[in-house]
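*Asks:* No sequence on hand, only this structure:
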Ligand SMILES: Cc1cc2nc3c(=O)[nH]c(=O)nc-3n(C[C@H](O)[C@H](O)[C@H](O)COP(=O)(O)OP(=O)(O)OC[C@H]3O[C@@H](n4cnc5c(N)ncnc54)[C@H](O)[C@@H]3O)c2cc1C
């Protein structure tokens, strides 16, 4: 063991993982970015230990990569061979549920699903929800400012974090464990760590915002014939449900039928095939009244031609069946490899022409390309998967799509972040002045470039 690792080990309560003890789970996230073996994996069990690690690393100029649940899709948590990996998996647990303030205080390595379940047991809801709920950690969610299925109603992770504690590159602990919605006492420092993907500090604890648990939930899957109808439907349901529309997930036929045709146990409730499908949900406080409102509104949407068919979930099992189609994205890797995966946003008004532009560009430059399209839509977020079956086409597809995102003034990352995957495309969504200010912040907070170096900010 090197002097550095010995010094580090002496500051930690659990053994460092070295060489053969570094299992594959610490070597890569869910992206197809290159995996790597770090010099060691440290698994701190307290904020004090995270601070000690950074003090030692800062003294030795040792670069680190931070790891949460490693469900990231941009390669940000993938270690390099000269880095120390810091896994937050042992810094896990719920510290407090404050019923009066409607807050939950958690450690950064706590799995999202555990937080959701603890909130539900206490009669609340923590409304961040994504397909990776079983594997991702709240620290990772905060660091990526994760979005997910309920942004429409509750906003991104940023909106759900009231307070936060983080360790800086030199080991300083910044504790802003605020529980109040209003706090304008100068800079809101927690925002620096939300969405900065571990490049400015290591999130160690957080105060989360809880909401009252909905008393009723109505779900339906709608078949729609054209995209303008999808927009009209969104406006109608937003108006009719007056703040209670909690999900509006759109699936184009390419994605929908790929999942229902291939994924075992996933079926479509419709006999016929349609161009578009929308999974909608209303959450409210009175099941009888909500169900009546839901069905009346969907009935009117059918009459007005905004949808051509509708399947209303009559049970939790049917609801889960609808969500299996949407969450089936996690299964796609079994059937196709060498995919280019996109998580972009463009204004809703340009979405149709944006997709048409991409189809036309891909059609002329990569004619074998196929696209599976779905998205949260109401928050401007489109996901799609492009593939030809050939690894060498991936780069061209990335370039074509991100060029188009740039032309449509969209964002190359709606919710997954930049990691290492989108470094070369960030300039499509951020101006030189914005990038320069980001570099100034990084330089001020991490002058040695120790934290997640080479992620998020492209080299100059
Ligand atoms: C099936 C599936 C569905 C998904 N759906 C969504 C979705 O709907 N919306 C969405 O936004 N994302 C989605 N994701 C992406 C991913 O789950 C999120 O980005 C999640 O927030 C990552 O959390 P994690 O704990 O796995 O982080 P990791 O993958 O471990 O890390 C992600 C980044 O954050 C940094 N990081 C992790 N923990 C910390 C910490 N404590 N302090 C500082 N930096 C840290 C890492 O260094 C890395 O750069 C999905 C992923 C999968 C596999």
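*Replies:* In hand now; what should we look at? Please read these numbers as outputs of a predicted model, since none were measured by experiment.

*Asks:* residue boundaries of the strands in the stretch 301-450 of the chain?
*Replies:* 309-312, 339-345, 370-375, 381-387 (DSSP state E, counting those that start in this stretch).

*Asks:* go on, the stretch 1-150 of the chain?
*Replies:* So, for the stretch 1-150 of the chain - with DSSP E, counting those that start in this stretch - the strands run 40-42, 64-67, 84-87, 94-98, 103-107, 124-125.

*Asks:* Could you tell me which residues of this structure lie near the ligand?
*Replies:* Contact residues, the chain versus the ligand (CB under 6 Å from any ligand atom): 29-30, 65-73, 76-77, 88, 108, 130-132, 136-137, 139-141, 143-144, 146-148, 197-198, 202-203, 330, 415-416, 419, 452, 455. C-betas here are computed from N, CA, C, even on glycine.

*Asks:* List only buried entries from those residues.
*Replies:* Among the residues of the chain next to the ligand, those buried by neighbour count (16 or more other CB atoms under 10 Å) are 29-30, 65-73, 76-77, 88, 108, 130-132, 136-137, 139-141, 143-144, 146-148, 197-198, 202-203, 415-416, 419, 452, 455.

*Asks:* Which ones among these map onto helices?
*Replies:* 139, 140, 141, 143, 144 (DSSP state H).

*Asks:* Can you name the residue of this structure nearest to the ligand?
*Replies:* As assessed by CB to the nearest ligand atom, the ligand sits closest to residue 140 within the chain, at 2.0 Å.

*Asks:* residues contacting that residue?
*Replies:* For residue 140, the contacting residues are 68, 69, 70, 71, 72, 77, 146, by CB atoms under 8 Å, 6 or more residues apart in numbering.

*Asks:* With residue 371 instead?
*Replies:* Residue 371 touches 254, 358, 359, 362, 384, 385, 386, counting by CB under 8 Å, 6+ apart.

*Asks:* again, 7 Å this time
*Replies:* Applying CB atoms under 7 Å, 6 or more residues apart in numbering to residue 371 gives the contacts 254, 359, 384, 386.

*Asks:* And for residue 68?
*Replies:* Shown in contact with residue 68 (CB under 7 Å, 6+ apart): 77, 88, 109, 136, 137, 139, 140, 143.

*Asks:* Now do the phi/psi pair for residue 280.
*Replies:* Note on residue 280: backbone dihedrals following degrees, to the nearest 10 are phi -120, psi 150.

*Asks:* Would you mind finding the longest helix in this structure?
*Replies:* helix 287-303.

*Asks:* which residues touch it?
*Replies:* 215-216, 218, 220, 233, 236-237, 240, 282, 284, 307, 310, 312.

*Asks:* So which of those sit within helices?
*Replies:* 233, 236, 237, 240.

*Asks:* Could you chop the protein up by domain?
*Replies:* Here the domain assignment for the chain is 3-87, 94-212, 216-330, 336-433, based on automatic domain parsing.

*Asks:* Let's have these in CSV, adding distance to residue 439.
*Replies:* CSV is the format used below for these (distance: least, CB to CB, whole Å):
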stretch, distance to residue 439
domain 3-87, 17
domain 94-212, 11
domain 216-330, 34
domain 336-433, 10
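
*Asks:* Nearest approach to residue 444 belongs to which of those?
*Replies:* domain 94-212 (9.3 Å; CB to CB).

*Asks:* that older thread, and the contacts of residue 68, which two are furthest apart?
*Replies:* Maximum pairwise distance among the contacts of residue 68 (CB to CB): 12.8 Å, between 77 and 109.

*Asks:* out of the contacts of residue 371, which is most surrounded?
*Replies:* Neighbour tally across the contacts of residue 371 (other CB atoms under 10 Å): the maximum, 23 neighbours, falls on residue 386.

*Asks:* Surely it touches residue 368?
*Replies:* No - counting by CB atoms under 7 Å, no contact exists between residue 386 and residue 368, whose distance comes to 10.4 Å.

*Asks:* that older thread, TSV for the contacts of residue 140, including pLDDT?
*Replies:* Listed next are the contacts of residue 140 as TSV, based on pLDDT from 0 to 100:
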residue	pLDDT
68	98
69	98
70	98
71	97
72	97
77	98
146	98
